[in-house]
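# Compute the structure for the input listed below.
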Amino acid sequence: MRLISLLLSTLLFQLTVLGQAVSPPSQSAQDYIVRLDGQKVQGQILMDFKKVTFDQIEFLTPGGETEVFLPGELLEFGFESGRVFRTYEIPAKGNFVFGQLLFSSSLSLVKFVGDFYIDNGSELFELKKSNRTVVYQGQKVSKQIREYVATLKTLMEGECGTQLAASIEKSDLVESKLIDLLEMYHKCQGQSYDVFVDRSPFLKLGFALGVGVSAENFIGEKVSQSRQDQISISAYPHFFGGLTLHSFRNTPRFQLELRAYYSSFSGEINSSFEGSNGSLEIGEQPFNGTRIHFPIYLNYLFLKKGRTVFSGGPMVSFVSQEITYENGRINNWNSSRTEVVTFDRNHAQGLSSTVTYGAKLSSITPIGSDLQLLIEAQVMPISDVFTIELPNNSRSHSSLIFSISTGIRFR
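Residues are numbered from 1 along each chain as shown. Next up is the predicted model:
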């Protein structure tokens, strides 16, 4: 009980402190758009999940109004993380598109749907490579044609381009290598430049606290129709705390969670066994237990509705429990005798530890700049959680634990 009180006190303290810290999202002042007249407006770009291409954007203004823009209706938009997109005209891609600006100077690097382009201020040049089949010594072989090498040599004029000829020959259509090449060229030219890369951290770390209710359903191994067990456990509370690794830069839909759960429960086992010789054994076994388990979750964010994100995924968990049995009793009656023989003894034993698996569904709703509300449903089986032993018969039971939780996560 002291541990439960400590967990509740900690949770209430965190809720009080974090609740006072709730404020409007700071990100809303970081995203921006640049209208066709050159006006820059800060606000929030709304999207389901982190994207690499856009066919339109939805923008929330500081006044709370939502505007939708198609390519050609904005000059530029950018994110708090550092990513920048501009409107470009690419006839082969359907006229105007939102291309990602990676490097900006006299020669700018643009990326769209996996293709790279160089913008010299007046025209957009695609950096191409292709595979062609040629005949060599009577055999058909595939040959890679690196057309982009000639394009880069043509655009990088003068002495600096000549100095970098070998580097251009060795270059490849890889974002980091193209940026390095353009940096060398513009440094040689003495020209300033800007690099627009995702400056968001590789991952973010969150801390969660919560409470919930668990219920167990028991499944006994089949012994015979003459053996009956009833395990009664009322729904009981649980408490949890843990860490969440989320917002991975390259896989933002995945989350990894590490948690610790604590629960306390009590109940009674009622058993009966009717022997072939006409004997009848009836057992009563009260018990109290505590359980701690340490799950690791792999969550996938699969849906977003409004501001709420829904996730789900598997988990694996180490489970440790301690069960105390008291005042056990077995009544034995035999048809050949008129009296009932009573044994005062504990006749059940419980699993001490195991590794199991399960699954969880969650909803995550932001309620502040760095605070999220969690609502979760979880299922977890535990094999052979009880073994009940009557004098002439033994039976094991597994449980299926259903849990509903709510909590907060500070991210």
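
# how about the strands in the stretch 301-411 of the chain?
Taking DSSP state E, counting those that start in this stretch as the test, the strands found in the stretch 301-411 of the chain are 308-325, 329-333, 340-344, 348-350, 353-366, 371-390, 393-410.

# Let me fix that, I meant to ask about the stretch 151-300 of the chain.
Counting by DSSP E, counting those that start in this stretch, one finds strands in the stretch 151-300 of the chain at the ranges 194-195, 204-220, 227-233, 236-246, 254-274, 280-305.

# Could I get the buried residue list for the longest one?
Across strand 280-305, burial judged by 16 or more other CB atoms under 10 Å covers 281-283, 285-287, 289, 291, 293, 295, 297, 299, 301. Yep, even glycine has a C-beta here, placed from its N, CA and C like the rest.

# Adjacent strands (with direction) for it?
Strands that pair with strand 280-305, judged by DSSP bridges, come out as strand 254-274 (antiparallel), strand 308-325 (antiparallel), strand 329-333 (antiparallel).

# what do you get for the shortest one?
Here the strand partners of strand 194-195, with direction, are listed using DSSP bridges: strand 95-104 (antiparallel).

# Report the buried residues of the partner strand.
For strand 95-104, a neighbour-count test (16+ other CB under 10 Å) marks Phe96, Val97, Phe98, Gly99, Gln100, Leu101, Leu102, Phe103, Ser104 as buried.

# Rebuild the buried residues of strand 280-305 as CSV, extending it with pLDDT.
Converted to CSV, the buried residues of strand 280-305 look like this (pLDDT from 0 to 100):
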residue, pLDDT
Glu281, 85
Ile282, 87
Gly283, 88
Gln285, 90
Pro286, 92
Phe287, 92
Gly289, 93
Arg291, 96
His293, 96
Pro295, 97
Tyr297, 98
Asn299, 97
Leu301, 93
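
# and Asn120, what does it touch?
Ser106, Leu107, Ser108, Leu155 (CB atoms under 8 Å, 6 or more residues apart in numbering).

# pLDDT wise, what is it at?
Listed pLDDT for Asn120 reads 93.

# Check the one 4 residues further on too.
According to the per-residue confidence, Leu124 scores 92 in pLDDT.

# Surely it touches Val110?
Yes - counting by CB atoms under 8 Å, Val110 is a contact partner of Leu124 at 7.1 Å.

# And these two? Which one has more around it.
Neighbours of Leu124 and Val110, each counted by other CB atoms under 10 Å, are more numerous for Val110; the result is 24 against 16.

# rewinding a little: and the strands paired with strand 280-305: which comes nearest Thr244?
Minimum separation from Thr244 across these (CB to CB) falls at strand 254-274, 4.9 Å.

# buried set for that closest one?
Buried residues in strand 254-274 (16+ other CB under 10 Å): 254-255, 257, 259, 261-263, 265, 267, 269, 271-274.

# And the furthest pair within the buried residues of strand 95-104?
Longest distance between any two of the buried residues of strand 95-104 is 21.1 Å, between Phe96 and Phe103; criterion CB to CB.

# if we look at stretch 293-312, which residues are touching it?
Here stretch 293-312 makes contact (CB under 8 Å, 6+ apart) with 48-49, 252-261, 313-320, 358-366, 380.

# Was I right to think Val134 contacts Gln144?
No - with contact defined as CB under 8 Å, Val134 does not count as touching Gln144 (10.8 Å).

# okay, and the common contacts of those two?
Here Val134 and Gln144 have no joint contacts, going by CB under 8 Å, 6+ apart.

# circling back to that earlier point, flag whichever of the strands of the stretch 151-300 of the chain has the least confidence on average.
Among the strands of the stretch 151-300 of the chain, strand 227-233 carries the lowest mean pLDDT, a mean of 87.

# from the chain's centre, how far out does that strand sit?
Distance of strand 227-233 from its chain centroid, counting by CA atoms, centre = their mean, to the nearest Å, is 38 Å.

# what pairs with Thr244 across the strands?
Gly206, Glu257.

# 628 is where my numbering starts, stick with that
Sounds good: first residue 628 from here, last item Thr871.

# quick one: contacts for it?
Going by CB under 8 Å, 6+ apart, Thr871 touches Leu832, Gly833, Phe834, Ala835, Gln882, Leu883, Glu884, Arg1036, Arg1038.

# Put together CSV for those, with distance to Gln683 on each row.
Output for these, formatted as CSV (distance: CB to CB, whole Å):
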residue, distance to Gln683
Leu832, 33
Gly833, 30
Phe834, 36
Ala835, 34
Gln882, 27
Leu883, 32
Glu884, 33
Arg1036, 31
Arg1038, 28
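
# which regions of this structure sit below the pLDDT cut-off?
Residue ranges of the chain with pLDDT under 70: 628-656, 675-677, 826-827, 848-851, 962-965, 996.

# at 50 instead, please
Counting by pLDDT under 50, the chain shows low-confidence ranges at 628-656.

# Contact partners for the one residue sitting closest to the centre of it?
Residue closest to the average C-alpha location in the chain (CA atoms, centre = their mean): Gln882, at 2.2 Å. Residues near Gln882 by CB under 8 Å, 6+ apart: Thr871, Leu872, His873, Tyr924, Leu925, Asn926, Tyr927, Leu928, Ser938.

# circling back to that earlier point, need the buried residues of strand 881-901 in TSV (columns: distance to Ser841).
Putting the buried residues of strand 881-901 into TSV (distance: CB to CB, whole Å) gives the following:
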residue	distance to Ser841
Phe881	26
Gln882	22
Glu884	18
Arg886	14
Tyr888	9
Tyr889	11
Ser890	6
Phe892	8
Gly894	13
Ile896	18
Ser898	23
Ser899	27
Phe900	30
Glu901	33
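
# Among the strands paired with strand 907-932, which comes closest to Ser1021?
Taking CB to CB, strand 881-901 is the member of the strands paired with strand 907-932 nearest to Ser1021, at 9.7 Å.

# relative to strand 863-873, how tilted is the closest one?
Angle of strand 881-901 versus strand 863-873, following axes from the mean of the first three to the mean of the last three CA atoms, to 10 degrees, is 150 degrees.
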